[in-house]
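>>> Would you be able to build a 3D model of this:
(chains A and B)
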Amino acid sequence: MNIDIFLFYLFSIFALISSLMVIGLTNAVHSVLFLILVFCNVAGLLLLLGPEFFSFMLIIVYVGAIAVLFLFVVMMLNIKLKSTNISFSSLWPIGILTFVILLSQFFSSFYELDLVKFQGKELFFISWANENSNLTNIKVIGKVLYTHFNLLFLICGLILLVAMIGVIVLTMHQRVDVKKQQIALQLARTAPNVIKFIILRRKR
Amino acid sequence: MKLIFTEYSAILIFFAISSLLSSVIFLLSYFLIPQKPDQEKVSAYECGFNPFDDARATFDIRFYLVAILFLIFDLEISFLFPWSLVLGEISIIGFWSMIVFLVILTIGFIYEWYKGALEWE
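A predicted model of the protein is given here:
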């Protein structure tokens, strides 16, 4: 068996199993951990397709940051472990609808694009000149992102700015009664200003 | 098989060895030790007392603030990385667009600094 087809099956089976675990487990922390496993496996699938930089960005951003945010949300919501018996019968129509849409997209993407060429056993052409032309993935991105897609890049910066300001506005609560260390005041403190003699008992 | 797979094959071998090794160590420690579970053994140890509270305590939202700010500057660094590789090959507008991007994020950083979001109280 060809090694990349084997890896494709390995990553996709792991991604499938762990995404089933994400929606199946009752403990929310465990499902977030399985979500991290899904992200890692999808990054492996993306690495198999070729864009290595995107794959590592997926790991850095999703696993390194967004999964941590999910964990924080889970820890902040104060979810106790309890067995909830929700009747799933009301969820069947929307579930089937989503399933059909996803399945049709899945099959169309696999049969039209034929992403990893795991259907045919015929040999295919590798242009070694293209593979070896010293133009790595990151350079291809960098050459167009900052010049041709300049506007999208700057819009991305603005979105990050909005996210930064939004999170500060939403979560900052400044307490006034907190005693902070003010070094200038501490250094300016001298003995004659501070020490005061009180005469407790007058001499007769 | 593409050419980049041969360069990443070392990482694949590392993954295989590490998963094999960790599963071997886990299974050995599972099977080799005597297992006599006890009420006192399996309960949570909290400095010799009985556990006061649930381990899943809610914590401050300020951790979330720090994590989101980390995520934003992490993305900024990951935008800087391809730019630094191709800086000699792209035109001058590529350079200045990154400078504008950095200025936009620096505005946010100054806002954050003066708002005191980085201070822990």
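
>>> switch to C-alpha atoms for all contacts and neighbour counts from now on
Will do.

>>> and chain A, what are its domains?
A:1-79, A:132-171 (automatic domain parsing).

>>> any low-confidence regions in the chain?
Since you didn't name a chain, this refers to chain A. A:1, A:78-88, A:113-124, A:126, A:130-134, A:174-176, A:203-204 (pLDDT under 70).

>>> looking at chain B here, not the other one
Using pLDDT under 70, chain B drops low at B:1-5, B:51-58, B:121.

>>> After the lengthiest helix in chain B, which helix or strand is next?
Counting residues, the longest helix found in chain B (DSSP state H) is helix B:3-31. The helix or strand immediately downstream of helix B:3-31 is helix B:39-42, counting by DSSP states H and E.

>>> Quick check: buried residues in that next one?
Under the neighbour-count criterion of 16 or more other CA atoms under 10 Å in any protein chain shown, helix B:39-42 has nothing buried.

>>> Wait, a helix at A:S31?
Yes: counting by DSSP: H, G, I helix; E, B strand; the rest coil, A:S31 falls inside a helix.

>>> For it, grab the count of nearby residues.
The tally of other residues near A:S31 (other CA atoms under 10 Å in any protein chain shown) stands at 20.

>>> ok, which stretches of chain A are strands?
Here chain A has no strands by DSSP state E.

>>> Check the gap between the closest residue to A:V38 other than its chain neighbours and chain B for me.
Leaving out its chain neighbours, the residue that sits closest to A:V38 by CA to CA, 6 or more residues apart in numbering or on different chains is A:A15, at 4.8 Å. Separation of A:A15 from chain B (CA to the nearest CA, to the nearest Å): 16 Å.

>>> which residues sit in contact with A:A15?
By CA atoms under 8 Å, 6 or more residues apart in numbering or on different chains, the residues touching A:A15 are A:L37, A:V38, A:F39, A:N41, A:V42.

>>> ok, the fourth one touching A:F14?
Yes: in this structure, A:N41 sits in contact with A:F14. The criterion is CA atoms under 8 Å, and the distance is 6.7 Å.

>>> Comparing those two, which residue is more hemmed in?
When neighbours are counted by other CA under 10 Å, A:N41 and A:F14 differ, and A:N41 comes out ahead with 22 against 17.
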